[in-house]
Structures are given as structure tokens and as C-alpha cells.
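Engineer: need a structure here:
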Amino acid sequence: MVKSYIKTPTLLRAALYGTSALALGIAAPAMAQDAASEDDSFTNEIIVTAQKRSQNIQDVPVAVSVISGAALEQQGGVNIENAQYLVPSLNFRKSGSALNQSLYLRGVGTTTFSIGGEPSVGTVLDGVVLARSGEAFSDLVDIERIEVLRGPQGTLFGKNASAGVINIVSRRPSDTFGASVEGGFFFGNGQEYRVRGGVDAPLSEKVGARITGFYSKWDGNIRNETLDRRVNGYERYGFRGIVEAKPSDNVTLTLIGDWRKSNDDCCAEVIGSPARNADNTVFATFTARAATALPALLGDRTRSVRQNLLTQALEKAWGVSFQADIESDNGPTLTSITAYRKYDSNEVRDGDFLATPFVGIAQSHDFGPQTGDTFTQELRLTSPAGQFFEYVAGLYYYNASQERTFTRANIACSASTLPIQGVLTPCSTAPGASTITFPIGIANFGTTFKNMAAFGQTTLNFSDSFRAIVGLRYTHDQLNGFHIRTTPVPGASQPVFDQGVYNEFIRQLGLGATPAAAQAAAVLASNGQPFRQKVTNNNISGKFGLQYDLSEDVMAYASYSRGYKGPGLNIFFNLNSNGTPPLADETGDSYEGGLKTTFLDGAMTLNIAGYYAKYKNFQANNPDFVLGQRVTRFTNAGTVSTRGFEADLLYRPSDDFTISGGVAYTDAKVDKFRLPPGAPATDEIPAGTVLPFSPKWKASLGGNYTIRTGGFADIELGAQGSYQTKQLSLLVASPLIRENGTIKAYGLLDLSIALVGADDKFRISFLAKNVLDTSFAASIVDGGPLSGGNTGSSSYRFIIPREADRYFGINAKINFGG
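Structural biologist: Alright, predicted model coming up:
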């Protein structure tokens, strides 16, 4: 008999809240206790929707890790960035704003500043694909669970899933009235205040609602000496509401709306290490300049900047979705999800990283407001479980438009009457004091992504223990883009670029001019019309797998998946004619095999997966020179591959004791690099170069123990550790830059103790984060200041995350009703 995957609401709630999932840290065993007492059949089962239907994670032939929202909150985490310490195969690239941050799974992700590029790791919120992963990097509000699906997931999830999917599921309304109020105070690397509240309000027997609001404010962990204040903090607030109606036993209607605003002074990049000569010795000129213009360079322990512009990421986002689930008697369930999302962001950045302009060293300040809106529609049929032929089939439509106006404002002087400071002479804006100019460059650019797809996946249950999975997806992509850059003041950082410039560049190449000569001539041909592009593509991707139950407690599977990510355009402020060729679609062939095992009457689960994947036309940022300046160009970087294995453990020896952990070995590297058109041969990245943000080894281990006092509150003790080996932070050809852009190995240890009232009526938690005070960088890139004239490398910019310092917190939550 084929297994049934439908669980009781009590068991589902216990599974999601009361256990750590695979690779999960501290859980909430008190709630599990209460649920278990109502249902003696309680086990460590985790319910997921990785195959677009509710299933026990142990029956899903996919490598999946699950983090409950309650566990993430109890760890002091509020966003996906914190999840990387619980899921070993997940890594996070932090950047100057959420727009440019990226997720990596199994060493594969997309780093780009282009508005015409999409991530390789898709982010899905309640069935809705987010256009940019940055939309999910703010506070996660009222989350039931996060499912991390590794490897290509495009057959069922579609957009931006060539390396995997982060599937975020919100808590649904309860059928009884309840409310909660939560407040937290954190200190040790800047003070933070958090407030959250939620209400479950049954509106009738068939309609329920849940509303949650939140506010948080953090000072930040970096000192800006010029502005005399802390930076890299945030102020965030918003709300989320869900209304769920069941007009009949076969119909469920769900309306979800959310709104949030973020005022982040993040992320000021500290200058952590000096410019170096080609032989890796320190560039002496940089040292002399830095003595005047920079705080002490302490590597990943640098906590100060001197910048006269407050780096900020100002975001506002809202969205609404409507989902209808209509079941037929003994037939399929029809699901429709209609969604609209609006995401606006304004990036303010000190691009020169200094407190003032100096003679020969210009001040550069960037301002980049961006608007975006996304409409999606999905229709899906899901067959009942427990029959020979099970299927999920559907149609999908996606339309996402983004537009940005980017301004780079410079102040430059070649001479000044101000007194020399060390070896530097400051510029002055006073009349006659300096030969000062104010060059400015303004670019307006945007894209529209359109995606239409038809998909289906079937499971053929040949017997009670043997199944085959077959899936296909047909995708049509269309991408339109435009770009125009003006230079109102002569001497701006970049020349004009528009359709006339591009046309003249092509004409000059046809006359036999070199790319450099063609570019120089083209600038004079500006016609004031935006440069426009359009690229389309059709693709068939899919999946084939076999699944066999070796016993009631052991399942083996093997699968092949074709991952796909649509074409891209290199559209950003620094665009010139060399960067205009469209990017081909990225495809990946992935092979995976695994075992999912249950021991000790369900008290222990151990899951193991091994994989190999090769990606062709890999989309990535590559270093480039534009008019003598180091920038990046979004291109098809060639062929890369990743292979490795993962193991996840969950052990619950008693109702009061949980141990969970995971380990991942990843070998992700360049197989064959494709040099961008016009780039020098010295920019070719050697085969075998390790991909960025792919540590060879990464592991997590957590434990939670409850002491039953018999009094007004039980005591919960928790510990969570994580460790990862060194990892590259940037993909470049230079061994020197790669060496200095390597994030060292590090480990973290978090501890907690909590008082938990009967029936979970209250919870007071005390947390110690990064107990060993281990410092590390979340990102290291070259391109820092004061490096002019050097032939080796520039100075290096570090982003220091909050978790790189020890800090403490107290959090209290009170539950009413329920």
C-alpha cells in the first residue's frame, strides 16, 4: 500500500515547532510536549512541500533542510542570513545593500551588480517567486518554516532555481483566538531593540485571520569616525496579515498581504588590508597615504571607517497574494496563486571610502534609487496521494520590471592651497583655494523579465516500495533592457553611453578599428536615445529519478535534474560597448543520490546525499577595465562544476533532549573559463580555481535540553555551534588578489537559557552569541582607496557582519488564549 502523507493538524504543528529539522539548531520542545500529550503517535516527522504537496521529509527524494521559524527566533536570528549557520550547504554573500546580496547552495550562486541578472538560488514566499533575493533579506515576519532545497529545482519551482530554492512558508491563522507580544534587547556590539506582536482572530466558523507587526532598531557594529556615530545598523518595521476562508470542505481561500520599510545604514565597508605589490609585499605609497586618511588596518578586526557620506540602503516593499485551493471528490486539487509585489530601494554609498577628497584622489558618492514591480500567476493541478499515478501539473506566468537612476557625483582637484597632511593635500571647495571640479555621471536603466512556462511532474508507484519520478518544464523567456548615461559636467567618471554611441562603436569595428579606438570614437556620436536590447529563449528542462524503500525506515533515491536560468543582460552604471553582448542561458546537469534513514523507533533520522553538477554558460561577474578603471562585467564565465556530499542528523533520545547537526563537503571549481570579449589574456581564470563562497567543509551541531521543574516554569538549555573552512570571496584571475580576498576558517558558538511557562504561556530567553568572540569577514573584495600607481592590487574592503562579535540578548514572549 502506498504511504499516506496527510498528517493531523496536531501532529503537523508538533513537527514544525517541536523538533529541530535537519541541520536545525535550538528548537521548542515545550510546545512539542503539549502536542505529544494530545496524540500518542507523535514522532520526529517533518512536513514539507518540496514537491508541491504535503509530505514527510523522509519520503521526499530531494536533499532538503528545514528550519522552523520558532527555532530561528530562539537563536536570535531574524533573516535568511542567520540561516546559513544552521544549514551547512547554504552560504551568503553580504554586500553594500540587499540589492546586491546573494545566496549560494553547494557552492553555486550568482553575484552581479547588473539589473539584467537574476539569482541562481530562487527565493519563494508562500508560493510566490521573488524577483530578487534581496526582497527576502529583511526581517522574516511570522514564519512557520524555511525549506532549503539543494540542487536544481526548476521543474516545479521554475524561476531562478538552477542551484536550489529557499522556500519560505508563513504561519497560518489558528481556529481559536490567540495573541502574542514579544520584546527583546540585545547588546555588546551596538544596542538593539525588537518588538513583535501577533493576533489570531477567528472571524467566523469558516474564516480566520492572523495579523503580525514588528519593529527593530540596531545601532550597528562599525564606528564612523568622521560622522562620529555607529553605522551598519538598521531600523525596520512592518506588518503581515493572512485571511484564510473555508467556504466548504473542498475549498480554501487564502489572502496574504505584507508591508515593510527598512532604513539601514548598511553596509559601510572597512578598509581591512593594504594594497600590495605584485610580489605580495605592502605597497609603500599606500602605507604613507593610509597613515593620514584611514583608521588602523586590522584585517577582519577592523571596526572603524572614515567616510563623509552615510552609506545607506533604504527599502520599502509590499505585496499581496491570493491563493485558491479547490479539491474535487476523489480527483485533483486545483490551485491558483495570483500575486503582485512592489519593491523600491535606494542605495547611498561612499564610493571613495574617505573623509574628504585629496589632490589627485577624487571623492566619489553614489546614489541609486531603484523601483520594481512583479506580477505572477500560477495554476496547478495536484492529484490525490496514494494512487499508482500521482502528478503535479501547471502553467506559470511571470512579469517583473525594474528601473534605476544612478548618479555618481565626484569632487576632484589637481592642486590645493590647504596645508599638506602627511603625504596628502586635501581639496577645498572655497573659491580660489583649489583647482576643483564637480564631475557627475547620471545613468537611467531598466529591464523587464517575462517568463511563461508549462510544467509537470509524475510519480509512478510501481509497488509499495518502488517509485519513479519524471518531470518536464517548458519555458519561454523574454528580457528587454535599456540604458542611457549622461555626463552634465565635463570630466565625469564615465563618458556618455546611448544608442548612438553603440552604433558608432559597431561601425568603427567594421572599419577595422581596435576596440579601444572604436570606443574612443563612439563617445562623440551620442544621439540622446537610450540603448535598447531584447533577448528571447526557449528551454526544456526536467528531472528523472528512482526511489526505493529498502525497509520501512530506509529510503534510497537517485535522480538526474536539468537546471535552467534564463538569458541575462549586463546593464549597470559602468556599461560600455564591450559589455553589451547578451548573456546566454545558464544550464546545469545535476546527479544526486541519497539515503534517508530512521532509527530507534523514530527517535533518530540520518540523511545522506552525494551529488555532482556541471553548469554551462555560468553567469558571473568578471573583472574588467573600462577607460583604465577596474569594474566588473556580467558575462557567461564558462563551465563550472560542483561535487560533494551532505549528512543531516536529528536525534531525540527523550522528549526533553534534542541533538541536531549537519556536515557538508563541497568541491566547487572552474572547469573552463570563458574570457569576456575584449578582455586581456591576464584576466583568464585558471581551470581548477575554487568558486567563491564555497568552503570545502562546513558543519553545524546543536543541542537542546529541558529541565522539568514542576514549578511555574521549566528551564531550557541550548547550544549551537558551526564551523567552516576558508573560502574565497571573489572570482578573479590574480592569485595575489585571490589570496588576499580569502575569508579565513572560523567557528561560532551560541548558548542560551530560557524559562518556559506551562502550556507555553510565556518564554523568557537569555542568549549569548558568538561566545568565543571569533572575528571574521562576510566579504572581502579588492578595489579599495589610495592604491593609485600600484601594479599589484588595490587595498581590500571588508564587510563585517554582526555575528563577528560577541553579544548578548534577552527576549521575552507572552502568549494569550489559544
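Engineer: Which residue lies nearest the spatial centre of this protein?
Structural biologist: Centroid check for the chain by CA atoms, centre = their mean gives residue 103 as the closest residue, at 3.7 Å.
Engineer: what secondary structure does it sit in?
Structural biologist: Classification of residue 103 using DSSP: H, G, I helix; E, B strand; the rest coil returns strand.
Engineer: if I read this right, it contacts residue 79, doesn't it?
Structural biologist: No. Contact between residue 103 and residue 79 fails when scored by CB atoms under 8 Å: they sit 11.6 Å apart. C-beta coordinates here come from the backbone N, C-alpha and C atoms, glycine included.
Engineer: show me where pLDDT drops low in the protein?
Structural biologist: Applying pLDDT under 70 to the chain picks out residues 1-44, 77-78, 96-98, 133-134, 491-492, 623-631, 818.
Engineer: Next secondary structure after the single longest helix found in it?
Structural biologist: Ranked by residue count, the top helix of the chain under DSSP state H comes out as helix 499-510. Using DSSP states H and E, the helix or strand that follows helix 499-510 in sequence is helix 515-522.
Engineer: about what we covered before: what count of nearby residues applies to the nearest residue to the residue nearest to the centre of the chain once chain neighbours are set aside?
Structural biologist: Once flanking residues are discounted, residue 103 sits nearest to residue 121: 4.1 Å by CB to CB, 6 or more residues apart in numbering. For residue 121, the count of nearby residues is 26 (other CB atoms under 10 Å).
Engineer: which strand residues sit across from residue 121 in the sheet?
Structural biologist: residue 164 (DSSP bridges).
Engineer: Residue 243 now?
Structural biologist: Residues in beta-bridge contact with residue 243 (DSSP bridges): residue 209, residue 255.
Engineer: so it sits right up against residue 252, yeah?
Structural biologist: No. The pair residue 243 / residue 252 is not scored as a contact, 11.4 Å apart, by CB under 8 Å.
Engineer: residues in contact with the longest helix of the chain?
Structural biologist: Helix 499-510 is contacted from outside by 495, 515, 517-519, 521-532, 577, 580, using CB atoms under 8 Å, 6 or more residues apart in numbering.
Engineer: Going along the chain, name the helices of the stretch 701-818 of the chain.
Structural biologist: 735-740 (DSSP state H, counting those that start in this stretch).
Engineer: quick one: secondary structure of the closest residue to residue 578 other than its chain neighbours?
Structural biologist: Nearest residue to residue 578, sequence neighbours excluded (CB to CB, 6+ apart): residue 678, at 4.5 Å. Using three-state DSSP, the structure places residue 678 in coil.
Engineer: Ok, residue 285 next?
Structural biologist: Counting by three-state DSSP, the backbone at residue 285 sits in helix.
Engineer: And it, how far from residue 310?
Structural biologist: 29 Å (CB to CB, to the nearest Å).
Engineer: do residue 447 as well
Structural biologist: Using CB to CB, residue 447 is found at 29 Å from residue 310.
Engineer: one step back: phi first, then psi, for the residue nearest to residue 578.
Structural biologist: With angles defined as degrees, to the nearest 10, residue 678 sits at phi 80, psi -10.
Engineer: same question, residue 112
Structural biologist: Per-residue torsions, residue 112: phi -160, psi 150 (degrees, to the nearest 10).
Engineer: mind exporting stretch 730-743 as PDB, just the C-alpha atoms?
Structural biologist: Output of stretch 730-743 as PDB, limited to C-alpha atoms (Å, rounded to 0.1, in the frame of the first residue of the first chain):
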ATOM      1  CA  LEU A 730      35.800  36.900  -5.200                       C
ATOM      2  CA  LEU A 731      36.300  35.200  -8.600                       C
ATOM      3  CA  VAL A 732      39.400  36.700 -10.300                       C
ATOM      4  CA  ALA A 733      42.400  35.600 -12.200                       C
ATOM      5  CA  SER A 734      45.100  37.000 -10.000                       C
ATOM      6  CA  PRO A 735      46.400  34.500  -7.400                       C
ATOM      7  CA  LEU A 736      47.600  37.500  -5.400                       C
ATOM      8  CA  ILE A 737      44.100  39.000  -5.200                       C
ATOM      9  CA  ARG A 738      42.500  35.600  -4.500                       C
ATOM     10  CA  GLU A 739      44.900  35.000  -1.600                       C
ATOM     11  CA  ASN A 740      44.200  38.400   0.000                       C
ATOM     12  CA  GLY A 741      40.500  38.000  -0.700                       C
ATOM     13  CA  THR A 742      40.200  34.700   1.200                       C
ATOM     14  CA  ILE A 743      37.900  34.600   4.300                       C
END
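Engineer: And it, what's buried?
Structural biologist: Buried positions in stretch 730-743, judged by neighbour count with 16 or more other CB atoms under 10 Å: 730-734, 736-738, 740-743.
Engineer: do stretch 197-216 as well
Structural biologist: Buried residues in stretch 197-216 (16+ other CB under 10 Å): 197-201, 208-216.
Engineer: Repeat that for stretch 290-309.
Structural biologist: For stretch 290-309, by 16+ other CB under 10 Å, it's 290, 292-295, 297, 300-307, 309.
Engineer: And the contacts of it?
Structural biologist: Looking at what lies outside stretch 290-309 - CB under 8 Å, 6+ apart - the contacts are 221-227, 231, 268-274, 348-350, 353-356, 358, 363, 365, 421-424, 743-744, 775-777, 785-786, 795, 798, 800, 804.
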